[in-house]
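Colleague: here's a sequence, model it:
(chains A, B and C)
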Amino acid sequence: MEILLTVILGFMIIGAIYALHANDLLSAVIAQGIVGYGLVICFLHLKAPDLAIVQIVVETITLIIMVAVVLDSSRKEIKGKIGFKSTVNIIVGLVFIGFLIYFFNMATGSLDVFGEHALRMSETYIEEGAQKTGAANLVTGILWDFRGYDTLGEATILFTAALGVLSVLRLKGKK
Amino acid sequence: MKGLTPIVKKVAQLMSGIIFVYGIYIVVHGHLTPGGAFAGGIILAGAFILLILAFGSEVIKLKKEETGSSITESLSILLTLILAIGGLFIGTKVFFNNYLPKGEIGELISAGAIPIYNILIGIEVAAAIITIFLALIIFKEEEEER
Amino acid sequence: MIVYIMCFILFLVGLYGIVTRRNLIKIVISLTIMEFSVFLFLVLIGYVEGGEAPILTENLPEKVVFVDPLPQAMVLTAIVIGLATSAMLLAIAIRLYKKYGTFDIREINNLRG
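Modeller: The predicted model follows:
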């Protein structure tokens, strides 16, 4: 299991590095599809079928919208000169990455080995979830009964996103 | 945006019916099999997006607005909130609790109010995705004509 | 342990893209790559070796071990929020292209003074 996940993650990293250095914007958008669909295969091997269905349709919709936006505007990639500002950016970026690696070591030093997870918080959800909610799908029961407010907030976020897109593209500004 | 060749139009007509029925199946069986409101709602939106992309945007421009999907989306959220407020008066008096009777595990009509919530939020998600798609892709050229 | 490290490398690739790229569409792509790495990390934490998917069917053995369903419920919410964020960012990018004629972030600087 670990070897399979490592190989798929390797492909995702190569696709992500190519997506940032492509000369054509359409190639970059299609290379982002490698990362998205590789994530679907990872979810299927980690025994999460709900997430795989949602990720595959969301990735398809994102790709459709991005390709339509890129084909209607410019497709060129803008090259930058190596000057003083970009060097300062890279040095600040390296210092920041050093801090992040240090905190990552501190945080995952106390995690369990991959595959041996101590189910402390979810014991009640697994044992009594089906009786108390009446749903055979435990994830749906958790989403709508034990954690109902999160789902209500998410429906509000989708509503607000549609409202925001309509209001950004409809008002005419000054030239 | 022009339409595509007649072969694509005919195949899109056939496939969008199948995709629509599949989306309804994923939404309604959300408490028994993997799926639920969000996955099924986006699949329902995909059926309409397939038709719009195959036939071009002249079919939609007859109305010049996207009011149909906006009204559907607002009505679904309103019905969800009314159903959630009903929890304040029945059973344990808490907002947004599961107050309808829970049947046996594994039947289609079970798990209280969860299937009703799934259907309402599924319609809302589909309408929101269609509104976003129409506003971003089809109707943005209209500002230059006025 | 090596899967956690590779997840973190994907996060760093996305962070590098946000800091050094000049094209607006590439900044949006890097943001979604960072979000994907966080989703994968959350689901990797909750995996139990030899566990089953958290759905009660009829022909399961008696003592069955499930994977953790709580991180899966959180990531399901987060995926849809990522879609809403990307849609909003692309709407603003279309609007900026109409006004300035380019996607370069160093020329979209009419906000000074």
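
Colleague: could you use CA atoms for every contact and neighbour count after this?
Modeller: Will do.

Colleague: for chain B, what's the nearest residue on chain C?
Modeller: Of chain C, the residue with the smallest distance to chain B, taken as C-alpha to the nearest C-alpha, is residue C:91 at 6.6 Å.

Colleague: what's near enough to touch that residue?
Modeller: Contacts for residue C:91 (C-alpha atoms under 8 Å, 6 or more residues apart in numbering or on different chains) come out as A:165, A:168, A:169, B:136.

Colleague: and the two most separated of the residues you listed?
Modeller: For those, with distances taken as C-alpha to C-alpha, the pair at the greatest spread is A:168 and B:136 (10.2 Å).

Colleague: quick one: which of the two has more around it?
Modeller: Counted by other C-alpha atoms under 10 Å in any protein chain shown, residue A:168 and residue B:136 do not tie: residue B:136 has more neighbours, with 22 against 15.

Colleague: check the gap between that one and chain C for me.
Modeller: Distance, residue B:136 to chain C, by C-alpha to the nearest C-alpha, to the nearest Å: 7 Å.

Colleague: cool, and residue A:124?
Modeller: Residue A:124 is 11 Å from chain C, where distance means C-alpha to the nearest C-alpha.

Colleague: and that residue, how many neighbours?
Modeller: Should you count by other C-alpha under 10 Å, residue A:124 turns out to have 10 residues around it.

Colleague: same question for the host helix or strand of it, mean pLDDT?
Modeller: Assessed by DSSP states H and E, residue A:124 sits inside helix A:123-133. Helix A:123-133 carries an average pLDDT of 84.

Colleague: please see if whichever helix or strand comes after that helix touches chain B.
Modeller: Beyond helix A:123-133 on the C-terminal side, the first helix or strand identified by DSSP H and E is helix A:138-141. Yes. Applying C-alpha under 8 Å from any C-alpha of the partner chain, one finds that helix A:138-141 is in contact with chain B at A:140, A:141.

Colleague: contacting residues around helix A:138-141?
Modeller: Contacts of helix A:138-141 from elsewhere in the structure, counted by C-alpha under 8 Å, 6+ apart, are A:126, A:129-130, A:133-135, B:30-31, B:36, B:114, C:54-56, C:69-70, C:72-73.

Colleague: ok, stretch A:43-61 next?
Modeller: In contact with stretch A:43-61 (C-alpha under 8 Å, 6+ apart) are residues A:33, A:36-37, A:39-41, B:34-35, B:38-39, B:42-43, C:40, C:43-44, C:47, C:51-53, C:67, C:72, C:75-76, C:79-80, C:83.

Colleague: any low-confidence regions in chain A?
Modeller: Per-residue confidence of chain A (counting by pLDDT under 70) places the weak regions at A:80, A:171-175.

Colleague: can you map out the strands along it?
Modeller: In chain A, no strands are found when defined by DSSP state E.

Colleague: got the contact list for the spatially most central residue of chain B?
Modeller: Residue closest to the mean C-alpha point of chain B, counted by C-alpha atoms, centre = their mean, is residue B:126 at 2.6 Å. The neighbours of residue B:126, taking C-alpha under 8 Å, 6+ apart as the test, are B:41, B:42, B:43, B:44, B:45.

Colleague: which single residue of chain A ends up nearest chain B?
Modeller: Sorted by distance to chain B under C-alpha to the nearest C-alpha, the residues of chain A start with residue A:134, at 4.2 Å.

Colleague: residues near that residue, how many?
Modeller: 23.

Colleague: in contact with it, which residues?
Modeller: By C-alpha under 8 Å, 6+ apart, the residues touching residue A:134 are A:141, B:102, B:103, B:104, B:105, B:110, B:111, B:112.

Colleague: can I assume residue A:28 is in contact with residue A:22?
Modeller: Yes. Counting by C-alpha atoms under 8 Å, residue A:28 touches residue A:22, with 5.7 Å between them.

Colleague: and these two? which has more neighbours close in?
Modeller: residue A:28 (22 against 16).

Colleague: and the gap between that one and residue B:122?
Modeller: Going from residue A:28 to residue B:122 by C-alpha to C-alpha, to the nearest Å gives 32 Å.

Colleague: ok, now residue B:75?
Modeller: From residue B:75 across to residue B:122, the span is 12 Å (C-alpha to C-alpha).

Colleague: what about the two, which has more around it?
Modeller: Applying other C-alpha under 10 Å to residue B:75 and residue B:122 shows that residue B:122 carries more neighbours, namely 30 against 13.

Colleague: and that one, how far is that from residue B:38?
Modeller: With distances taken as C-alpha to C-alpha, residue B:122 is found 6 Å from residue B:38.
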